[in-house]
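1. Have a look at this prediction, sequence included:
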Amino acid sequence: MSKKAHSVKVPTQYRATAKILKTALQQKKSIKALISEEKHARVGSLQAVLKRYSDNRVAVEKAIEESGLLKDNPGLEPCLAKVLVTELIFGRKQLNGESRPVQTVRSYQEKLQAAVGESEFQGKARIPRYVRINTNLFSLAEALEYLAGEEWRRKELPADASYDDFLAAVKALEEDEFMRDIHVEGVLVFHSKQGSYWTRHELVRSKKFILQNKATCLAAELLAPPVGATVLDMCAAPGMKTMHLCNVMQNKGVIYAVEQSAERYSALCDITEQAGCEIVSPIMGDVLRFLPERFPGVEYILVDPSCTGSGMQSRITVADEPKDDRRLYQLAGLQIKILSHAMSAFPNVKRIAYCTCSLYKEENEQVVERCLQFNPSFKLLSCKKALRNKWNNVGDKAFAKIGKNCLYSLPDSDLTDGIFLALFEKRPEGDGS
Ligand SMILES: C[S@@+](CC[C@H](N)C(=O)[O-])C[C@H]1O[C@@H](n2cnc3c(N)ncnc32)[C@H](O)[C@@H]1O
């Protein structure tokens, strides 16, 4: 290598990303918090590389180990090596500049690729890009016409297609194709590579299209408040499910949307206004502290409380996160309080949907079990049946009469974020069963 090449600097983008990764690993700080402190102009692309690393972490480590990259080059900074390998093998497949670390990693490309190729590890499941039509502002017909005009090819399934047929078709989507979701009216499914295309799209900016993972749309879909209903959304911000509920109700009826965090309440107000929600009444405060009379005539309730978020695929994790039992215990306590309040405080309530984006039973089946013990006037409905049996993953059957009625949507098998959902119905008076 020439002397000149040695003096070439590593591009700022790689250095800044490696610095964040190093701080996150050494100080056990969250990537999200570190990125928010970052002054670097291209925060978006920095975040994209870290997400790619997070999704392929095990394979990146394996490739570095098996190729001998760090062993042969002790001067190469390990976090910079991880960033460069992520970009070269899982990202743009090329590296910028001629700095020494870049040249070194490039010279290992074949060995790195071979190590990844032999690995049975394929990274996290490729989650498609889900786009939900906000029918307050744009109809399904208008959306389909727009997409046809832009030469997107619509892939259609026969009416009797099973859920497995649907999943196979989603996995086989070409980059210029899209499908309609099999469960949620108004959800369109695109290839995962179209993720950032839609992020920047004008229809998304104008809120005609909402970028919402399909799993999180199941809550409003299953709660299914009819047109004109009165709904309480107990933990509403930033308002993704509030907007969807509004669409399900065709923007007719009332939705009380409660949020306790001032900052998130402000986001809720902005989003629902921009999305043309005419029936949403945002209310700031702790939902447990309001008198039930503040929400007269509530018939349908959505309970989507704070949770660990262990099922969220958008999270960036750069090290194994041990289960934090203390935090889980605290969260589960609050979840039980809020769901139990929904069941006991509102005399006219007919149906309640409880959901989390957690995969821990402590926040899911156990919360359902405790709340049914405290509130025997409610029974569980089968989420799978509500989806015409076109579903595979249910709750843990060790929770008798509970597990089979609850639903999990899982990244690897359902190609979504990981979520849990339970649907309750008030028993008719005198029904003691
Ligand atoms: C999982 S997020 C809700 C996401 C939201 N449903 C959506 O789909 O966009 C939980 C929210 O509940 C709020 N929250 C938690 N406990 C609350 C309480 N007691 N009263 C009101 N809001 C609460 C949190 O501040 C947080 O914004």
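-> Arrived safely. Numbers count the residues shown, from 1 in each chain.

2. excluding its backbone neighbours, what's nearest Leu328?
-> In space, and not counting its chain neighbours, Leu328 is closest to Glu362: 4.9 Å by C-beta to C-beta, 6 or more residues apart in numbering. Every residue, glycine included, has its C-beta placed from N, CA and C.

3. quick one, what contacts that neighbour?
-> Residues near Glu362 by C-beta atoms under 8 Å, 6 or more residues apart in numbering: 328-329, 332.

4. Show me which residues of the stretch 301-433 of the chain are close to the ligand?
-> Those residues of the stretch 301-433 of the chain that sit near the ligand, judged by C-beta under 6 Å from any ligand atom, are 304-306, 338.

5. and those as CSV, adding secondary structure and neighbour count?
-> Listed next are these as CSV, based on DSSP: H, G, I helix; E, B strand; the rest coil; neighbours: other C-beta atoms under 10 Å:
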residue, secondary structure, neighbour count
Asp304, coil, 23
Pro305, coil, 20
Ser306, coil, 16
Ile338, helix, 22
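
6. Scan the contacts of Glu362 and report the most crowded one.
-> Among the contacts of Glu362, the one with the most neighbours (other C-beta atoms under 10 Å) is Ala332, at 23 neighbours.

7. Wait, that one touches Glu365, no?
-> No - taking contacts as C-beta atoms under 8 Å, Ala332 lies outside contact range of Glu365: 10.9 Å.

8. quick one, phi psi at the residue in the chain that the ligand sits nearest to?
-> Residue nearest to the ligand within the chain (C-beta to the nearest ligand atom): Cys235, separated by 3.0 Å. The phi/psi pair for Cys235 (degrees, to the nearest 10) reads phi -140, psi 90.

9. contacting residues around it?
-> Contacts for Cys235 (C-beta under 8 Å, 6+ apart) come out as 258-259, 287, 303-306, 338.

10. For those residues, could you give me a markdown table that also reports pLDDT?
-> Compiled in a markdown table, those are given as follows (pLDDT from 0 to 100):
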| residue | pLDDT |
| --- | --- |
| Val258 | 98 |
| Glu259 | 98 |
| Val287 | 98 |
| Val303 | 98 |
| Asp304 | 98 |
| Pro305 | 98 |
| Ser306 | 96 |
| Ile338 | 98 |
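
11. show me where the chain has strands.
-> Assigned by DSSP state E, the chain shows strands spanning 129-133, 153-154, 177-180, 187-190, 209-211, 230-233, 254-259, 280-284, 300-303, 351-356, 378-381, 407-409, 419-426.

12. Look at Ile336 and report its pLDDT.
-> As predicted, Ile336 sits at a pLDDT of 98.

13. where in the stretch 51-200 of the chain is pLDDT low?
-> The model of the stretch 51-200 of the chain has pLDDT under 70 over residues 118-125.

14. what about 50?
-> Per-residue confidence for the stretch 51-200 of the chain (pLDDT under 50) gives these ranges: 120-121.

15. hey, where'd the helices end up in it?
-> All helices of the stretch 51-200 of the chain, identified by DSSP state H, counting those that start in this stretch, fall at 57-67, 69-72, 78-85, 100-107, 109-118, 140-149, 163-171, 195-199.

16. CA atoms only: put the fourth one into PDB for me.
-> Extracted as PDB, the C-alpha positions of helix 100-107 are listed here (Å, rounded to 0.1, in the frame of the first residue of the first chain):
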ATOM      1  CA  ARG A 100      -6.600   1.700   5.300                       C
ATOM      2  CA  PRO A 101      -9.400   0.100   7.300                       C
ATOM      3  CA  VAL A 102     -11.700   0.100   4.200                       C
ATOM      4  CA  GLN A 103      -9.000  -1.500   2.000                       C
ATOM      5  CA  THR A 104      -8.300  -4.100   4.700                       C
ATOM      6  CA  VAL A 105     -12.000  -5.100   5.000                       C
ATOM      7  CA  ARG A 106     -12.400  -5.100   1.200                       C
ATOM      8  CA  SER A 107      -9.500  -7.500   0.800                       C
END
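
17. How about residues contacting it?
-> Outside helix 100-107, the residues that touch it by C-beta under 8 Å, 6+ apart are 1, 5-6, 8, 10-11, 14, 69, 73, 76-77, 80-81, 84-85, 88, 95-96, 112.

18. rerun that using 6 Å as the cut-off
-> For helix 100-107, contacts defined as C-beta atoms under 6 Å, 6 or more residues apart in numbering pick out 6, 10, 73, 76, 80, 84, 95.

19. Buried ones among those residues?
-> Applying 16 or more other C-beta atoms under 10 Å to the contacts of helix 100-107, the neighbour count classes 10, 73, 76, 80, 84, 95 as buried.

20. For the spatially closest residue to Ser67 that is not a sequence neighbour, the count of nearby residues, please.
-> Leaving aside its chain neighbours, Ser67 sits nearest to Lys111 (3.8 Å; criterion: C-beta to C-beta, 6+ apart). Neighbours of Lys111 under the rule other C-beta under 10 Å: 15.

21. Give me the distance between the residue nearest to Glu151 when sequence neighbours are not counted and Leu222.
-> Spatial nearest neighbour of Glu151, excluding adjacent residues (C-beta to C-beta, 6+ apart): Asp176 at 7.2 Å. According to C-beta to C-beta, to the nearest Å, Asp176 stands 32 Å off from Leu222.

22. okay, these two: which has more neighbours?
-> Leu222 (20 against 12).

23. mind listing what the more buried one touches?
-> 353, 383, 386, 423.

24. one more time with 10 Å, if that's ok
-> Going by C-beta atoms under 10 Å, 6 or more residues apart in numbering, Leu222 touches 183-184, 351, 353, 355, 381, 383, 386-387, 407, 421-423.

25. Switch these over to JSON lines; also include distance to Gly44.
-> Below are the contacts of Leu222 laid out as JSON lines (distance: C-beta to C-beta, whole Å):
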{"residue": "His183", "distance to Gly44": "31"}
{"residue": "Val184", "distance to Gly44": "28"}
{"residue": "Arg351", "distance to Gly44": "40"}
{"residue": "Ala353", "distance to Gly44": "34"}
{"residue": "Cys355", "distance to Gly44": "29"}
{"residue": "Leu381", "distance to Gly44": "42"}
{"residue": "Cys383", "distance to Gly44": "36"}
{"residue": "Ala386", "distance to Gly44": "38"}
{"residue": "Leu387", "distance to Gly44": "35"}
{"residue": "Leu407", "distance to Gly44": "34"}
{"residue": "Leu421", "distance to Gly44": "32"}
{"residue": "Ala422", "distance to Gly44": "36"}
{"residue": "Leu423", "distance to Gly44": "37"}
